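Asks: Got a predicted model here, sequence first, then my questions.
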Amino acid sequence: MIAEILNTEVKRTANEGLIVDYIKSYKVSNEISVPFRISNFSVLLIKKGNLRIQFSSTNNVIRRKDLLVIPVNTICTYVLATHNIQLYVIRTSFDFVLDNCYNRELADAFSILMLKTECNIRLDEKDFTVLSMIYKLMHVLQRETESSELYKDFRRIGFALFIYELKHIHFKYLPNANLDLGRKESLIIQFLTVLAIHFKKQHHVQFYAGSLYVTPGHLNKMVKTITGRSAKNFIIEALINESKNLLKDTQDSIAQIADELEFSSAANFSVFFKRHTGLLPSEFRSSTNHSI
C-alpha cells in the first residue's frame, strides 16, 4: 500500500496537484516491485508503528514522531512496514509547488522541497502535535467535495501552513544543514523570491535577470530547464493570480487594480487579463460573485 501510494503520480486535474493520505491500517495488497522512482514531493509523518524504507543512498527506519522528506525523483529500493503502522503522507507535484510560490516567505520555504537527498527528522512532542493537526486539517479539506473558490483557497492556505511548519522544523532541528541545492535550483529560488517582492511593478524578464546578475537568456534557460516554464510565464502567472485575488476580494475598480499592478491603463490591463484567462476583468468578477 505504501509503495503504491508513493509510486502513484499526482495528477493536477483530479486533485489540484496535492494529495493527503492518512493510512490508519496497513494491508499488504498488490505491493509493487522495487526499485521505483518517486515522482512527487513526498513528506511522511509516522503516527504509530515502524517503517523501513531504503533509498539508493540511505536505509531509514522511521518511527512515531519521525518526519521523512523525500525529494522528487528519489529511487526507492525497499519498503517494509509493521502491521500497526499509521502515518500521514503528503504528495504534491512540482507544478503545484510552483503555482503556490508567489509569496516572499513561501518562495524561500519551498527551497526545502528542492532537497537533493531525503531528510529524516525526529520531532519533539510539541512539533509532532502541531504538524499532525496541519495534516488532519489538510486531509479534511481534501475530502470536502465543495469545489468553490473559497475551498480552493482553504486548501492552499492549509498547504502554506504545512510549508511554513516544514521550514520551521528544518531550521530548528538542522540549523547548520546545507540544503545541498545546485546552482540551477538556487537561481530558481532566488528568482521566485525576487518575483514575489517585485512582480506588481516589474513585468519584464530583464529586471529579474539584472537583479540576479545574469543575462535574460541565461535566466530563461535555467528556469525552463528546472521547471519546464519560462521566466516570463512565471511573471504573467503571478500577475494573473494577483489580479484574480484583487477582483474577488476587493471593491476596487478595474482602473484602480490596473494602477496598482502598474499597467499603463485600464484598457491595457483588460487586454492582458483576457488574453491569459479568456475573460475580461469585469466578466471574471461577475462570474466569481455569482458562484459565492
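Replies: Okay, I see it. Numbering: from 1, shown residues only.

Asks: domain parsing for this structure?
Replies: As assigned by automatic domain parsing, the chain contains the domains 2-93+110-173, 183-291.

Asks: which stretch in these is the model least sure about?
Replies: Of all those, the minimum mean pLDDT falls on domain 2-93+110-173 (a mean of 83).

Asks: how about Glu242, secondary structure?
Replies: helix (DSSP: H, G, I helix; E, B strand; the rest coil).

Asks: do Lys274 as well
Replies: helix.

Asks: Strands of this structure, start to end?
Replies: Using DSSP state E, the strands of the chain run over 18-23, 36-38, 41-48, 51-55, 59-62, 66-70, 74-81, 86-92, 119-122.

Asks: Switch those strands over to a markdown table; also include distance to Ser265.
Replies: Heads up, the C-betas are built off the backbone N, CA and C, glycines and all. Formatted as a markdown table, the strands of the chain follow (distance: least, C-beta to C-beta, whole Å):
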| stretch | distance to Ser265 |
| --- | --- |
| strand 18-23 | 37 |
| strand 36-38 | 48 |
| strand 41-48 | 41 |
| strand 51-55 | 55 |
| strand 59-62 | 57 |
| strand 66-70 | 46 |
| strand 74-81 | 49 |
| strand 86-92 | 38 |
| strand 119-122 | 49 |
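
Asks: and of those strands, who's closest to His276?
Replies: Minimum separation from His276 across these (C-beta to C-beta) falls at strand 18-23, 23.2 Å.

Asks: how big is the angle separating the closest one from strand 41-48?
Replies: 20 degrees (axes from the mean of the first three to the mean of the last three C-alpha atoms, to 10 degrees).

Asks: With just CA atoms, put strand 18-23 into CSV.
Replies: Only the C-alpha atoms of strand 18-23 are listed here, as CSV (Å, rounded to 0.1, in the frame of the first residue of the first chain):
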residue,chain,number,x,y,z
LEU,A,18,-1.9,17.9,-3.8
ILE,A,19,-2.9,14.6,-2.1
VAL,A,20,-3.0,14.0,1.6
ASP,A,21,-3.2,10.3,2.6
TYR,A,22,-3.9,9.0,6.1
ILE,A,23,-3.1,5.3,6.5
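
Asks: Can I get the domains of the chain in CSV including distance to Asp99 and mean neighbour count?
Replies: Converted to CSV, those look like this (distance: least, C-beta to C-beta, whole Å; neighbours: other C-beta atoms under 10 Å):
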stretch, distance to Asp99, mean neighbour count
domain 2-93+110-173, 7, 17
domain 183-291, 7, 16
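
Asks: Nearest to Asn100 among those would be which one?
Replies: Smallest distance to Asn100 across the domains of the chain (C-beta to C-beta): 6.0 Å, for domain 2-93+110-173.

Asks: Quick check: end-to-end length of the closest one?
Replies: 26 Å (C-alpha to C-alpha, to the nearest Å).

Asks: Of all the strands of the chain, which one comes closest to Leu150?
Replies: When the strands of the chain are ranked by proximity to Leu150 (C-beta to C-beta), strand 18-23 comes first, at 16.6 Å.

Asks: Specify the angle between that closest one and strand 51-55 in degrees.
Replies: Per the same axes, to 10 degrees, the angle that strand 18-23 makes with strand 51-55 is 140 degrees.

Asks: which outside residues touch strand 18-23?
Replies: 1-2, 5, 10, 85-93, 96, 135-136, 138-139, 142, 155, 159 (C-beta atoms under 8 Å, 6 or more residues apart in numbering).
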